[in-house]
Structure formats: C-alpha cells, structure tokens
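Novice: Okay, sequence plus prediction incoming.
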Amino acid sequence: MQVHNFEKIWLGAALLLIVGFIATIAYGTVGAGVQMVDDSGGEIDSQAVQNGDTGTTFDDPGVVRQNDSHYVVYVVAQQFQFSPGTGDNPIRVPADTRVTFRVTSADVIHGFSIVETNVNTMVIPGQVSEVTARFDESGTYGLVCHEYCGAAHHEMGGSIEVVPKSEYEHNSTEVQN
Amino acid sequence: MTVGRRQFLTATAGAAALGVAGTASAQSEPDYGGWFDDVSNYDGTVDKRGQDTVEITVGAEGNNGAYAFGPAAVRVNPGTEVVWKWTGSGGGHNVVSDGDGPLDSGDTVSEAGTTYSHTFENTGTFKYVCEPHKGLGMKGAVVVEEGTPGPKGPPAEPDYGGWFSDVSNFSGDTVDKTGADSVEISVGAEGNNGAYAFDPPAVRVTPGTEVTWTWTGAGGGHNVVSDGDGPLDSGDPVSEEGTTYSHTFEEYGVYKYVCTPHKGLGMKGAVVVGGPLEGGSAGGEAGTDIELSGPDWLLAGSVLTAFFSPLLLAAVMRRRYREQPVVPSDADLERASGPTPVAEAEEAEPAVEVGHDEFDPWGTASLVAAYFVLIALLWVFMYFVEFLGRVSVIG
C-alpha cells in the first residue's frame, strides 16, 4: 500500500497533538497543581444538615479561620440559596490565602460554581464537596448553582467578596477550630 | 372590666374611620405634575402635619447612589420648621427651590451633619432640587397644608401592586381576621407546585394583634422575612415541624413578606394591619383580573396573530384559488394521467482522468496545516490561558 508523504506527515502531526493534549493534562496535575474534586470531604447526614443538628460547623455555616494562611468556608446549599452566599450575606474571604470551601446540600443536588474561576463542583446531599482555591486578586466573584435543583433554580446564586489580606478582619464571634 | 390595649386600638381605629369622609380629600396625593417621575425613592407624600420641626435627609439612599432626599415629599402644617440634614454621602449637595422659591442653601456642601432650615408660613407646594444631582433625580417637595393627619390604614381593597401575581394559593381575598386575638399563618402550606406557600397568603388584622407563623415541616427550610425594610425576620430557614415565629403588629400598613429561599416560587404573603377604611366588610383584591398595559396588549396581539397566521394564510390561499378561472392546465392533465416518461440521461465521459502519480496535493496539505495551527492555538488559549490562568482548585 502506498501512502503519500504528505499523508504520513499529517498522520504523524495528529498523533503528536494527542500526545501533546495528554502531556498538558499531566502537566496541569503535576506541574500546575490543579486538583480534581474527590470524596475527601467525607459524608454527612443531609437530614441533619436540614435540621441543623449535625454537630459540625454546618449547623452555623460561615467562614472559619484555621490559621493566617488558611480559611475554611462552610456553605449549606438548599432550595434556593447558599448560606452564606446569597443576597446580602456574601461569603467574605481574604485574597492570597488558601481558602477551602466545604459545601453540602440540605435537600437535593445543587451546583457550586464560582464564576470566572475553575472552582466548580456538584453539591450532593449526604456528601461534603471540598475544594481549595487561592484568590490572587480581590474583588467580587459571582456564585451560581449550575445543577438544576428545582423551580427557582435560576434564582439561586450569590457572591463571594475577596478582600485584600491586610483589610480582612475575621469575625471573631465565629467558631474557630 | 379592663379594656385591653387591642380593644382600645380597635375602638380608636373605629372612631378614626368615622372621620374619614371629612379628611379623605386632604389625604389624596397632590399632583406634582411629573416632578417625581425620575425620583427612585419617592413613595408617596409622608404626612408630617402636627409636628413643629420636620427633618429631611440630604444624601439619602436613592437614584442609584446617595442622591436622594429622604423622604422626597412631605406634608407639613404652616409654621413648621423644615430642617435638611446632610448625611455626608454622595458628594456635595444643596437645597434650592425649583424656579422662584424661598429655598436656597447656597453652595454645595458634603460635610455630614450640615443643616439648613426654613420655616414655611404660607400654604402651597414647594419643589426643590439639589443642583448638581438634579439630573439624577435628587428632587423633593414640601406640601404646606392646614389640617391634621387623617386616620392611617390600608383601604378595603389594598393594592398589592402585583405582589400576589405569582402566588398560586392567593384567591384574591384578604382573609379578614380583624378582632381576633391571635392569628395563625401556616408556613409550608400546599401551593406554588409544592409545599411552598403561606396559608392564608393575605390576612387583615387589627393593630396590636400577634400574628404567629407555624411551620408545617413540608417543603424544606422556610423563613419569614419582610420584603425590603420591614419588621419581620425569622432568621435562617428552618424546616422542623411545629417551629413558630410571631410578631405583634402595632402600626397601620401593608406588610409584605417572603420566604427567602422560595421567593422565586411564589412563597409570598402579606399582613394588612388596620382598616378597612371604606366599607364595613373586608373586600377582596381584584387580584385575578388580568390588567394589560399598552406593551402587554401589543405582545398579546402579536402572539395571537402569529398563532392564527397559518389559518389566515390558508384563507387567503383558498380565496385566491377560487378566484382563478377553472381551466385545465398541463399540470392538471399530468396529474390526471400520471407523469410523462423522462428520457434517461446519457452517462458523460470524464473530461480529464487524473492519475494517482499526477495528483498534486499542495492545496489539501496547506488546508490541513492551517487546521493544525488553529487546533494548536485553541489548545494553548483554552488550557494555558483560560484554564490555568484562572483561580484553580488546588486541593
């Protein structure tokens, strides 16, 4: 069988592209440190989340300071709001700091997507979705539910206010652990 | 026998209602001639008659910033001193009469706590502006008028302003609970395609009545929060059956409230305190009437026209067909006797035969190369710029 030289070249180039794509993903994981959302958040009783008697910070969700360079944000998603997050109760976190979002649902499957970032996870009842990110720039980010969760799904959203680290004052009344 | 506070208030309201006929005309809203059309915080004229001094905020929230007078319109008695007080927000403001008038606070000031006052001796309507922010809608008016404030209370048929348009269990009636000691509203009642309703959605109560919201436990977490500024706030949504939240309404008015998470589904309610001003029985709101404004009519008409356009077209076609003289054409004959046989086309010989060795694929090669470049560019931008360039999940 005779294969034209040009055909050989572009077959080779196509294979090279595939290798390149796979290498990119490998670089993203190993080099750039991009992580997948896994089951590290653990399990939780969604009924207890609904009733507020889980015995965890989800009973009074909010920002919890671990140390100066690490904050954990507990968020409960429910039809049709994030608490905190929705309305005049935005999530406030410092810039240039590790921020771990621990999100769970009190009822049905929701989504937790921070607009213009790669923070994007499903929120499954019974499961805690855990994602960690670092916001380099301060500003207000949109927060949307991007998993259809019911009739007012389109209304479910919120915001995240990233403030400069020096201006961030953690509300000391919140639980610290 | 002691007279309870609620009974006393009922009696007062009743006595006040008797006086309505005399003061009803004074209660009507003055005609400002479109003065407040572009003023976002204008919400009726606030009746401050009977007070010696009346304060108006300069630089109140409104008109997309701190560009408002609060309240925008007040009604005062002659001889009342009106004091304008600066909040310090929204930059430099002043208070100057529109056209000829008595008000002129001079140059603009931004300092918080600045005051300017004027005592109105003559009756009339005095319009004024903040000169730099007039274009934004920073306008106000003082109506100087004799008399005392009329009885306050919502009318027999409160205008909810479309509040209940998406509430499925609102029948158009405001449930009359005036005179009841306590009124109970269930939270999470059937409605709005699930347990997303307040039942009853609209109630009328007497001032001083305690209204208790009781959770049914259905429909997930609910709360009771006033729409905008208001006294109701049961806190975070809870779902537990039997949870209660109560509030005692003292002031006349229409109190709208929602369940924050289910507002979008129509989980809304209202408590009407006091009244009704006219008529002995509590009337219902004409909530079921469909009121269409100009653009609504246009839209509805267009949709209907679009819906029936095929029928219209069919009618026109039929008419035109009928108007044509019935002469059998070739096509009609063909239809009657079947198609005439078509001669088979002769197979054309290829003009030039291209052999494998003579095939010159430069054009194809360059096209493929261009595709490769495009894919590579998309790849770089998508992964390295769009994906890695953003805030990423790092753990």
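Specialist: Cool, got the structure. Nothing here was measured: the structure is a model prediction, and the numbers come from that model. Residues are numbered from 1 along each chain as shown, chains lettered A, B, ... in the order given.
Novice: Look up the closest residue to the residue in chain B positioned nearest to chain A, ignoring the ones flanking it.
Specialist: Nearest to chain A, among the residues of chain B, is residue B:264, at 3.1 Å (C-beta to the nearest C-beta). For glycine as for every other residue, the C-beta is placed from the backbone atoms N, C-alpha and C. Nearest-residue entry for residue B:264: residue A:152, 3.1 Å, with adjacent residues in sequence omitted and distances by C-beta to C-beta, 6 or more residues apart in numbering or on different chains.
Novice: And for residue B:46?
Specialist: residue B:71 (4.3 Å).
Novice: Return the residues in contact with that neighbour.
Specialist: B:41, B:43, B:46, B:56 (C-beta atoms under 8 Å, 6 or more residues apart in numbering or on different chains).
Novice: For the first one, give its distance to residue B:137.
Specialist: According to C-beta to C-beta, to the nearest Å, residue B:41 and residue B:137 sit 8 Å apart.
Novice: Now for those two: what residues contact both?
Specialist: In contact with both residue B:41 and residue B:137: B:62-63, B:68, using C-beta under 8 Å, 6+ apart.
Novice: And the helices in chain A?
Specialist: Ranges of helices in chain A, per DSSP state H, are A:5-30, A:46-51.
Novice: name the helices or strands packed onto the last one?
Specialist: Contact here means 3 or more C-beta pairs under 8 Å, 6 or more residues apart in numbering or on different chains; DSSP states H and E; on that basis helix A:46-51 packs against strand A:98-105.
Novice: Mind listing residues that contact the strand it packs on?
Specialist: Contacts for strand A:98-105 (C-beta under 8 Å, 6+ apart): A:41, A:44, A:46, A:49, A:57-58, A:69-78, A:93, A:112, A:119, A:121, A:123-125, A:127-135, B:394-395.
Novice: Need the three-state assignment for residue B:261.
Specialist: helix (DSSP: H, G, I helix; E, B strand; the rest coil).
Novice: what's the nearest residue to it if we skip its chain neighbours?
Specialist: residue A:81 (4.6 Å).
Novice: ok, how many other residues are close to residue B:311?
Specialist: 9 (other C-beta atoms under 10 Å in any protein chain shown).
Novice: A helix includes it, no?
Specialist: Yes - under three-state DSSP, residue B:311 sits within a helix.
Novice: what sits against it?
Specialist: With C-beta under 8 Å, 6+ apart, residue B:311 has no contacts at all.
Novice: for residue B:200, same thing?
Specialist: B:175, B:185, B:269.
Novice: residues touching the closest residue to chain B within chain A, list them.
Specialist: Closest to chain B within chain A is residue A:152: 3.1 Å, counting by C-beta to the nearest C-beta. Contact partners of residue A:152, counting by C-beta under 8 Å, 6+ apart, are A:79-80, B:261-265.
Novice: In TSV, list the residues you listed along with pLDDT, neighbour count and distance to residue B:110.
Specialist: Below are those laid out as TSV (pLDDT from 0 to 100; neighbours: other C-beta atoms under 10 Å in any protein chain shown; distance: C-beta to C-beta, whole Å):
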residue	pLDDT	neighbour count	distance to residue B:110
A:79	82	27	45
A:80	83	25	41
B:261	87	29	41
B:262	88	30	43
B:263	86	20	37
B:264	84	22	40
B:265	86	24	44
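Novice: from those residues, which is closest to residue B:382?
Specialist: Closest to residue B:382 out of the contacts of residue A:152 is residue A:80 (32.0 Å), distances taken as C-beta to C-beta.
Novice: you'd agree that closest one is up against residue A:155?
Specialist: Yes - using C-beta atoms under 8 Å, residue A:80 is in contact with residue A:155, at 5.5 Å.
Novice: Find the residues that touch each one of these two.
Specialist: residue B:264.
Novice: Residue A:143: neighbour count?
Specialist: Every residue meeting other C-beta under 10 Å relative to residue A:143 is counted, giving 26.
Novice: Excluding residues flanking it in the chain, which one is nearest the residue nearest the centre of chain A?
Specialist: A centroid search over chain A (C-alpha atoms, centre = their mean) returns residue A:119, at 3.9 Å, as the residue closest to the centre. Sequence neighbours aside, residue A:133 is the residue nearest to residue A:119 in space, at 5.0 Å (criterion: C-beta to C-beta, 6+ apart).
Novice: list the contacts for that neighbour?
Specialist: Neighbours of residue A:133 in contact, by C-beta under 8 Å, 6+ apart: A:98-99, A:101, A:114, A:117-119, B:391-394.
Novice: what do you get for residue B:180?
Specialist: Residue B:180 touches B:205-206, B:209, counting by C-beta under 8 Å, 6+ apart.
Novice: SS state for it?
Specialist: coil.
Novice: thinking again about what came up before, might you report the residue contacts of the residue nearest to the centre of chain A?
Specialist: Residue A:119 neighbours (C-beta under 8 Å, 6+ apart): A:101, A:112-113, A:131, A:133, B:391-393.
Novice: what's the pLDDT at it?
Specialist: pLDDT recorded at residue A:119 is 90.
Novice: Over to the one 3 residues further on?
Specialist: Confidence at residue A:122, expressed as pLDDT, is 93.
Novice: That one pairs with what?
Specialist: residue A:111 (DSSP bridges).
Novice: Quick one: neighbours of it, just the number.
Specialist: Residue A:122 has 16 nearby residues by other C-beta under 10 Å.
Novice: Tell me the bridge partners for residue A:94.
Specialist: Applying DSSP bridges, one finds that residue A:94 bridges with residue A:163.
Novice: I'd assumed residue A:71 was in contact with it.
Specialist: Yes - between residue A:94 and residue A:71 there is a contact under C-beta under 8 Å: 6.8 Å.
Novice: Those two - which one has more neighbours?
Specialist: Set side by side, residue A:94 and residue A:71 show more neighbours around residue A:94, with 23 against 20, by other C-beta under 10 Å.
Novice: next one: phi and psi at residue 88?
Specialist: Let's take chain A. Here is the backbone geometry of residue A:88 (degrees, to the nearest 10): phi -90, psi 30.
Novice: you looked at the wrong chain, it should be chain B
Specialist: Note on residue B:88: backbone dihedrals following degrees, to the nearest 10 are phi 90, psi -10.
Novice: Ignoring the adjacent residues along the chain, who's closest to residue 55?
Specialist: Assuming you mean chain A. For residue A:55, the spatially nearest residue (C-beta to C-beta, 6+ apart) is residue A:48, at 7.9 Å.
Novice: Correction: the question concerned chain B.
Specialist: Residue B:55 sits nearest to residue B:83 (C-beta to C-beta, 6+ apart), 5.0 Å away.
Novice: residue contacts, the one you found?
Specialist: Counting by C-beta under 8 Å, 6+ apart, the residues that residue B:83 touches are B:53-56, B:115-117.
Novice: Now that we have these, which of them are buried?
Specialist: Among these, those scoring as buried are B:54-56, B:116 (criterion: 16 or more other C-beta atoms under 10 Å in any protein chain shown).
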